[in-house]
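*Asks:* below: sequence and its predicted model.
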Amino acid sequence: MKTTSKLSGGIPAHFSGHETFPLRQMWLKKAFDESIERGLIRKSTFSDENAIASFGVGKNMVASIRHWALACGVMRESDDGFRIGNLAIEILQDGGLDPYAESPSTAWLAHWQLAGRCFRSTTWHWLFNHVTAPTFTRQELEEPLARYARELDPKHRLSASTISRDLETCLRSYAPRAAGGSPEDFAEPLLGELGLLQEVHKGQYAFRRGPKASLHDGVFAYALVDFWDREAEGQSSLAFETVAYAEGSPGRVFKLDEESIAQRLIALSDFTGRRLEWTDSAGLRQVHRKHMTREDIKNMVRRAYD
């Protein structure tokens, strides 16, 4: 079932499609490997009778792989099928930066797509940008998320079960079940290694805020520029508070504390050859940006896999 309304900026809100399966380590590669000439994946790839044999998983999982490949930006819909994105080619092609999604940088980039860019992943975006409680249960989040969905589209009514399933899948993506459940619950959730969310008691969760050792400065810089391009296009500087606290910002999405953000911003001057530069004068903390080409941005990501 496809359930959509509109987010600000015209992005469709989306609360389903994953068939309740969290994203697994090899699924993005499985989708990528179905591409043929010029990075095209035929639409029938995910629906024809050979799909189960081709992907080596059940029918619902094939649908889930399709959903996650779209949500994580590995592919996008086009008139003639699905087109593989340039960054996905760099990372997932055989001999690429990380063809088997083993590097934490790939998981961080997937998380950024889901919680930062918010394409087909409204619950992910809402959880990391709007939930501020120190601890929470899935049940406590259901009504606030339903209210958020109603604000996006007052005419559309999501069922309580749809909200509940989406939240459960989101939480299990980052904090897999510790005990019980089926063997499927332990099958390599890609985002579980990031340490962003923990189950502190049975059914009760908390964010892990603070420095993230596995978050490479290259991924942080990429996310910052991506956020900047979408939220402050044309501006040559960005306030520290915006980087740390604005909706969809690296600070919020990566759950970084102020000191960690400041340290990373200071380090970006050398890392980017002064294309991004931190200043702190008269209590005004800002990041300044010089012209950056697409190749400059790609190089930031490449260095995250050195």
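*Replies:* Received the coordinates, thanks. As the structure is a prediction and not an experimental result, all values here were calculated from the model.
*Asks:* got a pLDDT number for residue 177?
*Replies:* Here the pLDDT value assigned to residue 177 is 68.
*Asks:* what do you get for residue 118?
*Replies:* So residue 118 comes in at 88 (pLDDT).
*Asks:* make 495 the first number, not 1, from now on.
*Replies:* OK, 495 is where the count begins now, so the last one is residue 612.
*Asks:* how much space between it and residue 780?
*Replies:* 26 Å (CB to CB, to the nearest Å). The way it works is simple: take the backbone N, C-alpha and C, and place the C-beta from them, glycine included.
*Asks:* then residue 703?
*Replies:* Distance from residue 703 to residue 780, by CB to CB: 23 Å.
*Asks:* run a quick neighbour tally on residue 589.
*Replies:* 5 (other CB atoms under 10 Å).
*Asks:* next: residue 761.
*Replies:* 15.
*Asks:* kindly report the same for the one 10 residues further on.
*Replies:* A count of neighbours around residue 771, defined by other CB under 10 Å, yields 18.
*Asks:* and it, backbone torsions?
*Replies:* phi -140, psi 130 (degrees, to the nearest 10).
*Asks:* and it, how far from residue 777?
*Replies:* 18 Å.
*Asks:* ok, back up a step: between residue 703 and residue 780, point out the one with more neighbours.
*Replies:* residue 780 (19 against 14).
*Asks:* contacting residues around residue 551?
*Replies:* By CB atoms under 8 Å, 6 or more residues apart in numbering, residue 551 lies in contact with residue 559.
*Asks:* pull up the distance across stretch 563-576, start to finish.
*Replies:* 10 Å (CA to CA, to the nearest Å).
*Asks:* please read the previous query as pertaining to stretch 511-529.
*Replies:* Stretch 511-529 end-to-end distance (CA to CA) = 21 Å.
*Asks:* ranges for the strands of the protein?
*Replies:* 498-500, 506-508, 534-535, 569-572, 575-578, 630-631, 691-695, 698-701, 731-733, 770-775, 778-783 (DSSP state E).
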